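Engineer: model this:
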Amino acid sequence: MGVPFEALLPYVVCLGMFGFSGAALSKIRHMQNGGKRARHSIDQWDRQMMDRDRRLTGFLRGQTDNPQAPAGFELSNPWRLERAIC
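Structural biologist: Residues are numbered from 1 along each chain as shown. A predicted model of the protein is given here:
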């Protein structure tokens, strides 16, 4: 005795929605990374280099081969200084 296909429709709809939402989130993450694959296990060095790239190019994952820094880059120091004790 077979199973009526009407009983399987909710499972097909749920599976389709999970597949669609997974693919959509993957595409959004891909677009947010500038067309590059997502990064995992980012340590402090990687964060520092990604912040430098963001300050140079305007994109978190962007890179440039220009040896000269853009105007104003010397003033955008990422270091946070403590206040002087007076």
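Engineer: out of the helices and strands in the chain, which is least certain?
Structural biologist: helix 44-57 (a mean of 85; mean pLDDT, DSSP states H and E).
Engineer: please export the C-alpha coordinates of it as CSV.
Structural biologist: Extracted in CSV, the C-alpha atoms of helix 44-57 (Å, rounded to 0.1, in the frame of the first residue of the first chain):
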residue,chain,number,x,y,z
GLN,A,44,44.1,38.8,15.8
TRP,A,45,46.6,39.1,12.9
ASP,A,46,43.9,38.4,10.3
ARG,A,47,41.6,41.0,11.9
GLN,A,48,44.4,43.5,11.9
MET,A,49,45.2,42.9,8.2
MET,A,50,41.5,43.0,7.3
ASP,A,51,41.1,46.3,9.1
ARG,A,52,44.1,47.7,7.2
ASP,A,53,42.6,46.5,3.9
ARG,A,54,39.3,48.1,4.8
ARG,A,55,41.0,51.4,5.6
LEU,A,56,43.0,51.3,2.3
THR,A,57,40.3,50.1,-0.1
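Engineer: show me what it is packed up against.
Structural biologist: Using 3 or more Cβ pairs under 8 Å, 6 or more residues apart in numbering; DSSP states H and E as the contact test, no helix or strand touches helix 44-57. In short, each C-beta sits where N, CA and C put it, glycine included.
Engineer: chain center to that helix, what's the gap?
Structural biologist: Between the centre of helix 44-57 and the centre of its chain there are 13 Å (Cα atoms, centre = their mean, to the nearest Å).
Engineer: next one: stretch 14-21
Structural biologist: 22 Å.
Engineer: quick check: mean pLDDT of it?
Structural biologist: On average, the pLDDT along stretch 14-21 is 97.
Engineer: what does the least confident helix or strand of the chain contact?
Structural biologist: Here helix 44-57 makes contact (Cβ atoms under 8 Å, 6 or more residues apart in numbering) with 39, 42, 59-64, 69-70, 73, 76, 78.
Engineer: output those as a markdown table; include the columns pLDDT, distance to N33 and neighbour count.
Structural biologist: Supplementary listing: those in a markdown table, determined by pLDDT from 0 to 100; distance: Cβ to Cβ, whole Å; neighbours: other Cβ atoms under 10 Å:
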| residue | pLDDT | distance to N33 | neighbour count |
| --- | --- | --- | --- |
| R39 | 82 | 7 | 11 |
| I42 | 89 | 12 | 10 |
| F59 | 79 | 9 | 15 |
| L60 | 78 | 7 | 14 |
| R61 | 80 | 5 | 16 |
| G62 | 79 | 10 | 13 |
| Q63 | 81 | 12 | 12 |
| T64 | 80 | 17 | 12 |
| A69 | 76 | 23 | 12 |
| P70 | 75 | 22 | 13 |
| F73 | 70 | 23 | 12 |
| S76 | 60 | 22 | 11 |
| P78 | 60 | 21 | 9 |
